[in-house]
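Undergrad: next input, structure requested:
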Amino acid sequence: MSEETTGGAGGVVRVRVRLFARLRELAGGREVLLELPAGAVVEDAWAALTAQRPAVAPMRPHTRFAVNGRYVPVDAPLPDGAELACIPPVSGGSGDVPDDGGPAPARPRILELRAAAFDASIVADLAARLATDQDGAVVGFIGRTRITAGAPAPGEEAEAARLAGVPVDALEYEAHEELVLRVLDEIADEVERRFGVTRLAIVHRTGRVPLGDAAVAIVAVSPHRAEAFDAAEYAMDETKARAPIWKAEVHAGGHVWVGAPARSGPEDDPAADASGTAPAARASGPGASTEGRS
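TA: This next block holds a predicted model:
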């Protein structure tokens, strides 16, 4: 086998570990460089990481992994020069490692991360870019920051208790951009298979979002309203549950990371028939979003 797949010079695999959100804070940095024996797998890298940064060890049950921008199981081999992203709990969701599909074909969809602020007018802007004369329905959703706290991520319970009752001033979003865009593309593919909706926009903020500002926008466009409603809701639920976007609630005197381990695939995909037709029921589960309903 080639040196590229089995290891570098001297049988050593060099791996750049990227850390996010609470893992980044526990490790005291965003990156750790590791040298591992040839043939090392993801679990070996985690063991080496915890030997160097033992504070991250308790996060293992809540951590998912991605190699070079794709989710992988813990026994996946590490090529020399790989980027290993350690994915702590995201804003919602849980589940298993997905099958790895190839790149999705081009579609009339808008999938973006934005550092710049936007407001509710983005719905009209996105609809204008997506809608055709055949479309009779445009469904838009805006997720805003709110003053009440959400469920803390694993390991954040003590800090959440300390800040209980203190209003949320802002949300701070952090993202693994390459993997986010890949996951959003997978979600858009699922929306097309399930609901027949091909024109979809998912735009999410990064950085600090003040109280009451828009953090995410979803727009689904289709000939009929039922499919557009279903598509928009599914896109929001799955983005919240699966995209590697981390959310910290910022309070006076501290911050709390919120969420649960990332769900890396749709929970009821087998319910679709062999033709890919969407089941009548919307996907639901522990990662399903309630944002905007309360």
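
Undergrad: contacts and neighbour counts: CA atoms only from here.
TA: Fine.

Undergrad: roughly how far out does the helix or strand harbouring L34 sit from the chain middle?
TA: Per DSSP states H and E: L34 is located in strand 31-37. Mean-position distance between strand 31-37 and its chain equals 25 Å (CA atoms, centre = their mean, to the nearest Å).

Undergrad: and if you look at stretch 245-254?
TA: 17 Å.

Undergrad: list the buried residues of it.
TA: For stretch 245-254, a neighbour-count test (16 or more other CA atoms under 10 Å) marks 245-251 as buried.

Undergrad: now the angle from the next helix or strand after the strand holding L34 to strand 31-37?
TA: Going down the chain from strand 31-37, the next helix or strand is helix 42-52, by DSSP H and E. Angle, helix 42-52 to strand 31-37, by axes from the mean of the first three to the mean of the last three CA atoms, to 10 degrees: 120 degrees.

Undergrad: may I see the buried residues of helix 42-52?
TA: 42-46, 49.

Undergrad: go on, stretch 163-183?
TA: Buried-residue list, stretch 163-183, by 16+ other CA under 10 Å: 163, 166-177, 179-183.

Undergrad: give me the spatial nearest neighbour of the residue minimising distance to the centre of the chain, chain neighbours excluded.
TA: Taking CA atoms, centre = their mean, the centroid of the chain lies closest to A243, which sits 1.3 Å from it. In this structure, A243 finds its nearest non-sequential neighbour in V180, 5.3 Å apart by CA to CA, 6 or more residues apart in numbering.

Undergrad: can I get the CA coordinates of the host helix or strand of that neighbour in CSV?
TA: Assigned by DSSP H and E, V180 belongs to helix 177-195. Extracted in CSV, the C-alpha atoms of helix 177-195 (Å, rounded to 0.1, in the frame of the first residue of the first chain):
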residue,chain,number,x,y,z
GLU,A,177,-17.4,25.2,8.2
GLU,A,178,-16.4,22.4,5.8
LEU,A,179,-18.4,19.7,7.6
VAL,A,180,-21.4,22.0,8.2
LEU,A,181,-21.8,22.7,4.5
ARG,A,182,-21.5,19.0,3.7
VAL,A,183,-24.1,18.1,6.3
LEU,A,184,-26.5,20.8,5.1
ASP,A,185,-26.1,19.5,1.6
GLU,A,186,-27.1,16.0,2.8
ILE,A,187,-30.1,17.5,4.6
ALA,A,188,-31.1,19.2,1.4
ASP,A,189,-30.8,15.9,-0.5
GLU,A,190,-33.1,14.3,2.1
VAL,A,191,-35.6,17.1,1.8
GLU,A,192,-35.7,16.5,-2.0
ARG,A,193,-36.2,12.7,-1.5
ARG,A,194,-38.8,13.0,1.2
PHE,A,195,-40.9,15.9,0.1
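
Undergrad: past it, which element shows up next along the chain?
TA: strand 199-205.

Undergrad: what does that following strand contact?
TA: With contact meaning CA atoms under 8 Å, 6 or more residues apart in numbering, strand 199-205 is reached by 107-117, 126, 130-131, 173, 184, 188, 214-222, 232, 235.

Undergrad: swap the cut-off to 6 Å and go again
TA: With CA atoms under 6 Å, 6 or more residues apart in numbering as the test, strand 199-205 has contacts from 108-115, 130, 215-221.

Undergrad: tell me the domain ranges of the protein?
TA: Per the record, the chain has its domains at 3-87, 109-271, by automatic domain parsing.

Undergrad: hang on, the earlier thing: just the buried residues of stretch 245-254: which are in strands?
TA: 245-251 (DSSP state E).

Undergrad: what about P154, helix or strand, and which?
TA: Using DSSP H and E, P154 falls within no helix or strand.

Undergrad: so what's the residue count around the nearest residue to A235 once chain neighbours are set aside?
TA: With CA to CA, 6+ apart as the measure, I187 is the residue that lies nearest to A235, at 6.5 Å, once sequence neighbours are left out. Neighbourhood size, I187 [other CA atoms under 10 Å]: 24.

Undergrad: how much space between I187 and P261?
TA: 18 Å (CA to CA, to the nearest Å).
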